[in-house]
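K.L.:
model this:
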Amino acid sequence: MANKKVCEKIDGYISRHPKDVQRLLKQLRMAIRKATPSAKGKISYSIPTFDFNGNLVHFAAFTNHIGFYPTFSGIKAFKKELSAYKTSTGAIRFPLDEPLPLQLVSRIVKSRVREQLVK
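P.N.:
All right, here's what the predicted structure looks like:
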């Protein structure tokens, strides 16, 4: 979608994308931040990552979707609510032409925080 130069900060990653995609990425970042204000944002695996006692969640922009990576457990715990989206072992695809399910993202992130606290 954008050039492949690795960014060092989440803002840099977001700014590489078209304005409509930037808006979605910012919404997703804000939902994650609200769900866990103490998580640290960083770039890991060349994509935006939030760290809370280890990697919490990641996200990334692609040509037709936003990838959200809450690990296998984050997907398994919300399997029913995620049935409208393409998922894999550790990824969820949110289509670019649909509103992001921000409340669901928030619940997934909070669930991951609880897991990380037990860790």
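K.L.:
ranges for the helices of the protein?
P.N.:
Here the chain has its helices, by DSSP state H, at 10-15, 19-35, 71-76, 102-118.
K.L.:
so who does the residue positioned nearest the centre of the chain touch?
P.N.:
With distances taken as C-alpha atoms, centre = their mean, the residue of the chain nearest its centroid is Phe59 (3.3 Å). With contact set as C-beta atoms under 8 Å, 6 or more residues apart in numbering, Phe59 has these partners: 25, 28-29, 32, 47-48, 66-69. C-betas here are computed from N, CA, C, even on glycine.
K.L.:
one more time with 10 Å
P.N.:
10, 13, 24-25, 28-29, 32, 47-50, 66-70, 91-92, 94, 105 (C-beta atoms under 10 Å, 6 or more residues apart in numbering).
K.L.:
can you check Ser106 too?
P.N.:
Counting by C-beta under 10 Å, 6+ apart, Ser106 has contacts 30-36.
K.L.:
good, we can wrap up now.
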